[in-house]
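Peer 1: Please find the sequence and the predicted model below.
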Amino acid sequence: MCFDFHPKDTNLYLAGTEEGLIHKCSRLCNKQFLKTYRGHKGPVYRVAWNPFTTDMFLSCSVDWSVILWHQDSQTPILTFSSTTTVVHDIMWSPKSAFIFAAASESKVEIWDLSISILDPVITRFADPGAKFTSVLFAKNTDCLLVGDSRGEVGVFELQDLAASSSTEVRFPGKRQCFSKPAHLVLPQTEAAVTELS
């Protein structure tokens, strides 16, 4: 259903399947999977390596959930399920190891794991008659592009969202810490989103 190459080791890639499994594979070992991750109850629509903390990745599925994984563990770290519709797409922010966007049929969400692991920091609902299908963070500006079932692309300006290039990932209420040398700068104001006309 989907795949994503590792950001540093281009021999490694993840493959999401119709059965709800995610396989870690290597181009050097094409006869078997290196590891299989079980956590989704339906087809996996997207997998995405974290570009900063490259041993972690996200997956989303028809089962209404987004799951955060560590490549060394076949048990999910966190499961996010704030919607009751299919989650079509996910993407990590190119500016922070903590921020990702998720597009479900009814809404698009931006999560900042440094602020909350329970609720998204921004939620934007789809217009009547439209379903969100894809998300893409712009690399050179603070914008999020969102595709929908009508063939339209909405461009949203992100204001006051953390723009740290931190690679230190700590989860509130968890003892786990996955880090590389850096520090996170938290935003001083609430995150806001405005649609550009």
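Peer 2: Perfect, I can see it now.
Peer 1: By mean pLDDT, which helix or strand of this structure comes out lowest?
Peer 2: When the helices and strands of the chain are scored by mean pLDDT, DSSP states H and E, strand 177-178 comes last with a mean of 30.
Peer 1: how far away is the residue sitting furthest away from the middle of the chain from Cys25?
Peer 2: Distance from the C-alpha centroid of the chain, by C-alpha atoms, centre = their mean, peaks at Lys31 (28.8 Å). Separation of Lys31 from Cys25 (C-beta to C-beta, to the nearest Å): 10 Å. Any C-beta I mention is one placed from the backbone N, CA and C, and that applies to glycine too.
Peer 1: Asp112 now?
Peer 2: Counting by C-beta to C-beta - Asp112 and Cys25 are separated by 30 Å.
Peer 1: higher neighbour count, those two?
Peer 2: Asp112 (22 against 18; other C-beta atoms under 10 Å).
Peer 1: and that one, what pLDDT?
Peer 2: At Asp112, the predicted lDDT confidence score is 93.
Peer 1: Could you do His183 as well?
Peer 2: 27.
Peer 1: now swap in the one 10 residues further on and tell me
Peer 2: Looking at Val193, its pLDDT reads 40.
Peer 1: can you check Phe33 too?
Peer 2: In this model, Phe33 carries a pLDDT of 90.
Peer 1: oh, and call the first residue 42 from now on, that's how I've got it
Peer 2: Renumbered: residue one is now 42, and that last one reads Phe74.
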